[in-house]
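Participant: Predicted model, plus sequence, below.
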Amino acid sequence: MAEPDLPPAPRHAPDETRAAVNPADIRLAAMNLLSRREHSLGELRQKLRRHCEDETQVETQLQKLVDENLQSDDRYAESFARQRAQRGYGPARVRQEMREKGVGDIAIARAFESAQLDWWALAEAAFRKKFGEPGRVDLKEKSRRIRFMQYRGFSADHYQHLIDD
């Protein structure tokens, strides 16, 4: 994915010789990123700070986008939760990935509530896709299957009935 069209900030130049970045350029770069897909506020902040080290200008432009409802962590979180769940990931993994992207716990909780995902059915689909039909297996294979489901972010409640004989 291409980076936004902002002039690169000089890395080693003293502050007084650093070229000022126009706030309109910051907004345009943010809008270009948002036009491709939803971004969390933390993601946008991180991407924009690569090109503009003036944190106040970045924060001002980000706040304007939030005020105009062009950026929404709630909208991002719901979209992200649905997307990752459809790829076979469980609630613990999805929640952790959202936290890494800078989404707050309140937005995450709202996203899980509004997405209304059936984690048991999703766990079963992920299990069957990887292992086929559940059945009798030795202890080593059982452990491997449990590790896979845990890695995917499902709790034991979601997959235990698939592991037990």
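Facilitator: Cool, got the structure.
Participant: pLDDT at P7, what is it?
Facilitator: P7 is assigned 55 on the pLDDT scale.
Participant: now do the one 10 residues further on
Facilitator: In the predicted model, T17 carries a pLDDT score of 41.
Participant: same thing with E3?
Facilitator: With respect to pLDDT, E3 scores 53.
Participant: Numbering from 26 from now on, please.
Facilitator: Will do, 26 is the new start, and the previous item becomes E28.
Participant: shaky segments in the chain?
Facilitator: Within the chain, the stretches with pLDDT under 70 are 26-45, 190.
Participant: And it, what are its domain boundaries?
Facilitator: Using automatic domain parsing, the domain parsing of the chain gives 45-92, 98-140, 144-188.
Participant: Save those as a markdown table, and put in mean neighbour count too.
Facilitator: (Each C-beta comes from the backbone N, C-alpha and C, glycine too.) Converted to a markdown table, the domains of the chain look like this (neighbours: other CB atoms under 10 Å):
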| stretch | mean neighbour count |
| --- | --- |
| domain 45-92 | 16 |
| domain 98-140 | 18 |
| domain 144-188 | 15 |
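Participant: can you tell me which residue is nearest the centre of the protein?
Facilitator: The centre of the chain sits closest to M123, judged by CA atoms, centre = their mean, with a distance of 4.2 Å.
Participant: what comes into contact with stretch 80-92?
Facilitator: The set of residues external to stretch 80-92 that reach it, using CB atoms under 8 Å, 6 or more residues apart in numbering, is 46, 48, 51-52, 55-56, 59, 66, 69-70, 73-74, 77, 96-97.
Participant: Checking N94 next. Helix, strand or coil?
Facilitator: Using DSSP: H, G, I helix; E, B strand; the rest coil, the structure places N94 in coil.
Participant: how close does it sit to D189?
Facilitator: 47 Å (CB to CB, to the nearest Å).
Participant: same question, E63
Facilitator: Using CB to CB, E63 is found at 39 Å from D189.
Participant: so which helix or strand takes in the residue nearest to the centre of the chain?
Facilitator: M123 is located in helix 116-125, with elements delineated by DSSP states H and E.
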